[in-house]
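1. Provided below for reference: sequence and predicted model.
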Amino acid sequence: MNKKDISIVIPIFNEKESLPELLNEVVQILEEQFNYEIICVDDGSTDGSEEILRQYASNNPRIMVTRFLRNYGKSSALTEGFKLARGKYVITMDADLQDDPNEIPNLISKIEEGFDLVSGWKKKRLDPLSKRLPSKFFNFTTRLLTGIKIHDFNCGLKAYRNEVVKSMKIQGGMHRYVPVLVGKIGFKVTEMEVNHRPRKYGETKYGGARYFHGLFDLLTVLFLSRYMRRPLHLFGIFGILSFLIGFIVNCWVLYLKYGLGEPFSKHLALLVFGVMLLILGVQFISLGLLGEMIARSQPPSEEQMKQVIRETKQST
C-alpha cells in the first residue's frame with residue numbers, strides 16, 4: 001500500500017523541554033504510515049529550542065527547521081510553514097505536547113471523506129477554568145457571528161489539503177479564525193473530537209491581552225469576509241441609521257418651535273446634535289460609495305477567482 005504524503009507544521013516558541021518528547025512521538029507515528037516531512041518553525045525562541053531542533057534535523061533529513069530572528073507570532077510561523085509544505089495533506093499542531101500526535105491518522109481519515117479542512121475539537125479540554133471559560137465565550141461568539149458551525153476555532157490540531165494552505169495568507173492573530181477564512185473562500189470545513197492532554201512543561205505563552213487582540217481580529221475577519229467587495233453594505237447601515245435619527249431629532253426640534261412655540265435657543269444643543277447626526281450619516285454613506293468605487297476598480301483576487309471556479313464546478 002502506498003503511503004500518503006503529509007507535512008507536519010509545528011510553530012515553536014520557547015518549548016525546549018517539550019521538543020524531544022514531541023519529535024520522538026511524532027516521528028514514531030509517522031514512520032509507520034506516511035511519507036512525511038516535519039517543518040519546525042522556530043518563532044524566535046530564546047531558551048535553546050533552536051539547538052534541539054538542529055540536532056534532530058541533523059539526524060533525520062525529513063525534519064526541516066526554519067527560524068525567525070525574533071518572535072513574530074503564531075500566524076507568521078504558520079504562514080512560513082505553509083509556504084514550505086509539500087505534502088498532499090498538511091497537519092498543524094502545537095509544540096507543548098497538549099495536542100496528541102496519535103490523532104494524526106484520524107485527521108487524515110476524516111479529511112479523505114471529502115473535506116478541505118478538519119479542525120480539532122478539544123471537547124474534554126484539560127486546561128484551567130480561567131482558560132476554558134473565555135474560550136467557550138470566544139467560540140460561541142465566533143460561531144454566532146460567522147455562521148461556521150464548529151465548536152473549537154483555535155485548536156492547534158488541524159488537517160488541511162495542500163491547496164487550502166497555499167490559498168491562505170494569515171497574519172496578526174488570524175490563526176484563531178482559520179476555519180472562518182477557509183470557509184468563506186468556499187472550502188468545506190468540518191471538525192472532529194480530538195484527545196487533549198494536560199500541559200506537561202512550562203506555562204502558556206499567551207497572556208490576557210490576547211482576548212482584546214482576538215476581538216479586533218474577529219472584526220477584521222468579519223469585514224474581510226462579508227464586506228470586502230461591498231463596503232457600502234456596511235457603512236451604508238451606519239449612515240442610514242445616523243441620518244434617520246438626526247432627521248427625527250431635527251423634526252422634533254421644529255415641532256417644538258413651530259408647534260408649541262418654544263424658542264430654538266431652548267433646544268439648541270438638541271438641534272446641533274441632530275445636525276451632526278445628519279452630517280455623520282452623509283459621511284458614512286459617502287465613505288461606503290468611495291469604498292465601492294475602489295473595490296470595483298480592483299481586479300478579483302486569486303482567492304476570489306478560485307471560489308468562482310469552485311462554485312462553477314459545483315453548479316455543473
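-> That came through fine.

2. shaky segments in the stretch 201-316 of the chain?
-> Counting by pLDDT under 70, the ranges of the stretch 201-316 of the chain that qualify are 204-215, 222, 224-229, 295-296, 298-316.

3. Would you state the helices of the stretch 151-300 of the chain in chain order?
-> 162-166, 178-185, 209-226, 231-254, 268-297 (DSSP state H, counting those that start in this stretch).

4. Identify the residues contacting the closest residue to His267 other than its chain neighbours.
-> Spatially, and ignoring its direct neighbours in sequence, His267 is nearest to Val253 (5.2 Å; CB to CB, 6 or more residues apart in numbering). Bear in mind the C-beta positions are built from the backbone N, C-alpha and C, glycine included. Residues counted as contacts of Val253 (CB atoms under 8 Å, 6 or more residues apart in numbering) are Phe264, His267, Leu270, Leu271, Gly274.

5. change it to 7 Å
-> His267, Leu270, Leu271, Gly274 (CB atoms under 7 Å, 6 or more residues apart in numbering).

6. rewinding a little: so which of the helices of the stretch 151-300 of the chain is the most packed in?
-> helix 178-185 (a mean of 23; mean count of other CB atoms under 10 Å).

7. Now do that helix, average pLDDT.
-> Confidence over helix 178-185 (mean pLDDT, whole number) is 86.

8. Any stretches of the stretch 1-150 of the chain with poor pLDDT?
-> Scanning the stretch 1-150 of the chain for pLDDT under 70 picks out 1.

9. all strands of it, in order?
-> 4-12, 34-42, 63-67, 89-92, 117-121 (DSSP state E, counting those that start in this stretch).

10. which one of these lies closest to Leu241?
-> strand 117-121 (35.8 Å; CB to CB).

11. Identify the residue spatially nearest to Leu218, adjacent ones excluded.
-> Per CB to CB, 6+ apart, closest to Leu218 is Thr142, 6.3 Å.

12. What degree of burial does that neighbour show, as a neighbour count?
-> When neighbours are counted by other CB atoms under 10 Å, Thr142 registers 22.

13. these two touch, right, it and Val221?
-> No - applying CB atoms under 7 Å, one finds Thr142 not in contact with Val221, separated by 8.5 Å.

14. Mutual contacts of the two, please.
-> The overlap between the contact sets of Thr142 and Val221 (CB under 7 Å, 6+ apart) consists of Tyr177, Val180.

15. separation between Lys74 and Asp43?
-> Lys74 sits 7 Å away from Asp43, taking CB to CB, to the nearest Å as the criterion.

16. Overlap in contacts, these two.
-> Pro11.

17. which ones are touching the nearest residue to Thr46 once chain neighbours are set aside?
-> Leaving aside its sequence neighbours, Thr46 sits nearest to Asn14 (CB to CB, 6+ apart; 6.5 Å). Residues near Asn14 by CB under 7 Å, 6+ apart: Ser45, Thr46, Asp47, Ser49, Lys205.

18. try 8 Å
-> Contacts of Asn14 by CB under 8 Å, 6+ apart are Ser45, Thr46, Asp47, Ser49, Gly202, Lys205.

19. now do Leu289
-> For Leu289, the contact set (CB under 8 Å, 6+ apart) comprises Leu232.

20. Distance check, it against Phe235.
-> 8 Å.

21. Same check on Gly120?
-> From Gly120 to Phe235 the distance is 37 Å (CB to CB).

22. swap in Val26?
-> For Val26, the distance to Phe235 - CB to CB - is 48 Å.

23. Skipping adjacent residues, who's closest to Tyr89 in space?
-> Ile6 (4.6 Å).

24. Kindly provide the distance from the one you found to Glu80.
-> Ile6 is 18 Å from Glu80, by CB to CB.

25. So for these two, which residue has more residues nearby?
-> Ile6 (25 against 19).

26. Does that one touch Arg86 like I think?
-> No - using CB atoms under 8 Å as the test, Ile6 is too far from Arg86 to be in contact (9.7 Å).

27. before we move on, back to that, among the contacts of Asn14, which one lies nearest to Leu107?
-> Closest approach to Leu107 among the contacts of Asn14 (CB to CB): Lys205, at 23.9 Å.

28. so how many other residues sit close to the closest residue to Asn60 other than its chain neighbours?
-> Leaving aside its chain neighbours, Asn60 sits nearest to Val27 (6.7 Å; criterion: CB to CB, 6+ apart). For Val27, the count of nearby residues is 19 (other CB under 10 Å).

29. re the thing from before, dihedrals phi and psi, the residue nearest to Thr46?
-> The phi/psi pair for Asn14 (degrees, to the nearest 10) reads phi 50, psi 60.

30. Run a quick neighbour tally on the closest residue to Thr190 other than its chain neighbours.
-> In space, Thr190 comes closest to Phe115 once its chain neighbours are excluded; the distance is 4.8 Å by CB to CB, 6+ apart. Neighbour count for Phe115, taken as other CB under 10 Å: 19.

31. ok, Phe115 touching Gly183?
-> No - applying CB under 8 Å, one finds Phe115 not in contact with Gly183, separated by 11.0 Å.
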